[in-house]
Each structure stands twice: as C-alpha cells, then as structure tokens.
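S.K.: Next come a sequence and a model predicted from it.
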Amino acid sequence: MKAVNCRYIILFFGAILSCTKEIDVEVNDADPQLVIEANYDATNERVQVNLSMTKNVFETGVNSVITGAAVEILDENGLATPLVNQGNGSYLLETYAPTYLSTYSMNVTVDGVVYSASSFLPEVVQLDSLSSIFTEASLFGDAGYLVYMNFADPAGLPNYYRAVRSVNGEVLTDLGDQFIFDDSFSEGNTQTVPFFGDRYDIGDSVMVEFRSYNKHSYEYYSQLFDLAGDGGQSAAPANPVSNWSNDALGHFSTWGWDSKYVVVVE
C-alpha cells in the first residue's frame, strides 16, 4: 500500500481550555502495484478478471482501474482463449467449458509486462442436503434453528471448501458471513457441518453454494478472512500471498460448486 509524507494534528479538548499538539510522522512512499482478481467459476463456465492499481493510504476515492490490458486463459494443453474487455477494469469470458482435475493458467499483459498465474481445478464435492435443528439459547447464541450442511468428504486427497449462503433470497457477501474449512480432521468421512454463528426462524429459506477449492486458493482466502476479521486493529496488516508473477497482488482461483436449498420448518 502506498503512503505519503504527512502530518497529524491531534486536538485535546478540556472543559476549561484546549490545546493543539503538532506531531511529524514520516512514512515511506511505495510504488503503486497491480491488483489482479481472477476467478474461473467452472460450474457457471464463467471467467472474470478485475484489474486495478493500489493507491496512497491517505488518498480518497477508489483504486484506479486498468482498461487497456490483454487477458487470456490457457487450458492444460496451452490453448489460449482471450477475455473481452467490459470496461471499468473488468474482463469476461462466458461458456468456457471446464476440464476438472486439470491446471489452468492466465496471462495478463499491462504496458508490455506479462503477469502470469496458474490454478488447479479440483472435482466438485457434492452437497447431499441441508437440514435444520432447533437449538435452545446458550452462551453461543439465542434460541433458534441451526442450519447444517450434510456431505460425504472424498477419501484419498485433501479437500478444501467454502460455503456461500443466500438467506431469504439475499446473498451474504460479507466475508464474515461465509465459511471456509478443510478436511484435516475428517478426511473421508460423512460430515454434518453447522453454521454456528446464525439462528433462523420457521419459514426462513437458506441456499448454500458449496465450493471446492485447491490448496492455494484455500490458503489465500483463509488469509483474507483472517485480515477481514482483524477489524483494522493490526499495526501492519499484510496482503494475502499472491500467486501472480512480477509482484502483482491478488489471486487466480478456479473452482466448481454444488448447491442445496432448505426452508426451515418446525
């Protein structure tokens, strides 16, 4: 994140008098960095890339976007397919059929510099069902219905999951409302996994998009979730580890998903 030299003026207010203290704070400048957020939603056969540049820590407004880039995705055989510039830093490719258990690569060319990343597309783990069970009030929450995800974790390989919910038709986009986990302690077993933080009422509808990630994407989003949960209290928050070359920030992620729907009943 780029910073600039600045001065803070701290005001101390008293009941009878006030005073002003001026403090010089020196911070280092840093060059802007390219941010590449690239996602291949294999189930929807949709590839989307957003390009922007970082800005000064004290600079107002949104990050500047990159509109003149060349963006392409390559399958495991090296066949390249370009994305279409949508404007406002967004690039899109639709009806791009997946080959699961293969590795995809992306090239993003900005001002003659090529930024590359690759991502393995795992098979989709099926979500068998969603269920709801009434839970009495406790230290962990109010009385209400907990919703559980039920699925069979495949044996033999590590699996990494992210659950994105829609409640009463509204997608919960905040990172704190999503759930990311792996099968470190449950590999190969039938799972019943609850959303502990929320309680539901009779008549509520819940849909879960159950994504299957590779290890690097799981680690990237785990770091991102940890930073979001920090609440801005970290003295020097770090960026999640990127998989892009040439020091670009962001991530290229490939995943497929299954989904299930439940209405809470008594």
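M.R.: The structure has been received and is ready for your questions. Numbering: from 1, shown residues only.

S.K.: so what secondary structure elements neighbour the helix or strand hosting residue 227?
M.R.: Residue 227 belongs to helix 215-229 when assigned by DSSP states H and E. Here helix 215-229 touches strand 113-121, strand 160-167, strand 179-182, strand 249-263, going by 3 or more Cβ pairs under 8 Å, 6 or more residues apart in numbering; DSSP states H and E. To be clear about C-beta, it is placed using only N, CA and C from the backbone, and glycine gets the same treatment.

S.K.: Pull the distance from it to the chain's centre.
M.R.: Its chain's C-alpha centre and that of helix 215-229 lie 7 Å apart, by Cα atoms, centre = their mean, to the nearest Å.

S.K.: what's the angle from that helix to strand 249-263?
M.R.: With axes from the mean of the first three to the mean of the last three Cα atoms, to 10 degrees defining the directions, helix 215-229 sits at 80 degrees from strand 249-263.

S.K.: related to what we said a few turns ago, I'd like to know which of the helices and strands packed on helix 215-229 is closest to residue 90.
M.R.: Between residue 90 and the helices and strands packed on helix 215-229, the shortest separation by Cβ to Cβ is 13.6 Å, and it involves strand 249-263.

S.K.: Now do the closest one: which elements does it pack against?
M.R.: Looks like strand 249-263 contacts strand 34-41, strand 113-121, strand 129-135, strand 205-213, helix 215-229 (3+ Cβ pairs under 8 Å, 6+ apart).

S.K.: Using CSV, lay out the ones you listed together with mean pLDDT, distance to residue 64 and mean neighbour count.
M.R.: CSV is the format used below for these (pLDDT from 0 to 100; distance: least, Cβ to Cβ, whole Å; neighbours: other Cβ atoms under 10 Å):
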stretch, mean pLDDT, distance to residue 64, mean neighbour count
strand 34-41, 97, 10, 21
strand 113-121, 98, 16, 18
strand 129-135, 95, 42, 16
strand 205-213, 97, 30, 21
helix 215-229, 89, 22, 17
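
S.K.: Need those in TSV (columns: distance to residue 78).
M.R.: Putting the helices and strands packed on strand 249-263 into TSV (distance: least, Cβ to Cβ, whole Å) gives the following:
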stretch	distance to residue 78
strand 34-41	16
strand 113-121	12
strand 129-135	40
strand 205-213	24
helix 215-229	21
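
S.K.: So for residue 154, which of these sits nearest?
M.R.: strand 205-213 (9.6 Å).

S.K.: sorry, back to before: just the CA trace of the helix holding residue 227, in PDB.
M.R.: Written as PDB, here are the backbone C-alpha positions of helix 215-229 (Å, rounded to 0.1, in the frame of the first residue of the first chain):
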ATOM      1  CA  LYS A 215      -5.000 -25.700  -1.500                       C
ATOM      2  CA  HIS A 216      -3.500 -22.400  -2.700                       C
ATOM      3  CA  SER A 217      -7.000 -20.800  -3.100                       C
ATOM      4  CA  TYR A 218      -8.000 -22.100   0.300                       C
ATOM      5  CA  GLU A 219      -4.900 -20.600   1.900                       C
ATOM      6  CA  TYR A 220      -5.400 -17.300   0.100                       C
ATOM      7  CA  TYR A 221      -9.000 -16.900   1.200                       C
ATOM      8  CA  SER A 222      -8.100 -18.100   4.700                       C
ATOM      9  CA  GLN A 223      -5.600 -15.200   5.000                       C
ATOM     10  CA  LEU A 224      -8.100 -12.800   3.500                       C
ATOM     11  CA  PHE A 225     -10.800 -13.900   6.000                       C
ATOM     12  CA  ASP A 226      -8.300 -13.500   8.900                       C
ATOM     13  CA  LEU A 227      -7.400 -10.000   7.800                       C
ATOM     14  CA  ALA A 228     -11.100  -9.100   7.500                       C
ATOM     15  CA  GLY A 229     -11.700 -10.400  11.000                       C
END
